[in-house]
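A.B. asks: Sequence and predicted structure are below.
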Amino acid sequence: MRKGRAVTVFTEELTRTRLIGNTLDAIIGRLSYDEAFAQALAQDPSETLDAAGFHLDKEAIEKFIKNDSLRFDQICDRLAELIGPDTLAKVVEPTCA
């Protein structure tokens, strides 16, 4: 891989990582004032996030964890406080349905 291509790939990965972090921050922000959203998210995370326009991609979340694990841990702690510890896992883990 050429150096310019490597920089482009890294920049794209960093951009996706920041987008996921910002999306998770926005979800936390909404949870802080929207009780109906919190209840719906706890019951059906994927559908609720899609309906609200929040799109989380498993690969991007994995890169976010790799590139900013401290921030990810803080976000998970806050989500656990607001809606329970397993909600994010329901969104990014495959289902058998």
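C.D. replies: Arrived safely. Numbering: from 1, shown residues only.

A.B. asks: if I look at the residue sitting nearest the centre point of the chain, how far off is Asp68?
C.D. replies: Among the residues of the chain, the one closest to the centroid is Leu24, at 4.6 Å (CA atoms, centre = their mean). Separation of Leu24 from Asp68 (CB to CB, to the nearest Å) stands at 11 Å. (Each C-beta comes from the backbone N, C-alpha and C, glycine too.)

A.B. asks: What distance do you get for the residue nearest to the centre of the chain to Arg78?
C.D. replies: Noted for Leu24: a distance of 9 Å to Arg78, by CB to CB.

A.B. asks: Number of residues surrounding Asp73?
C.D. replies: For Asp73, the neighbour count with other CB atoms under 10 Å is 11.

A.B. asks: and the helix or strand containing it, which residues are buried?
C.D. replies: With elements taken from DSSP states H and E, the one containing Asp73 is helix 69-83. Residues of helix 69-83 classed as buried by neighbour count (16 or more other CB atoms under 10 Å): Arg71, Phe72, Ile75, Cys76, Arg78, Leu79, Leu82, Ile83.

A.B. asks: likewise stretch 34-41?
C.D. replies: Using 16+ other CB under 10 Å as the test for burial, stretch 34-41 gives Phe37, Ala38, Ala40, Leu41.
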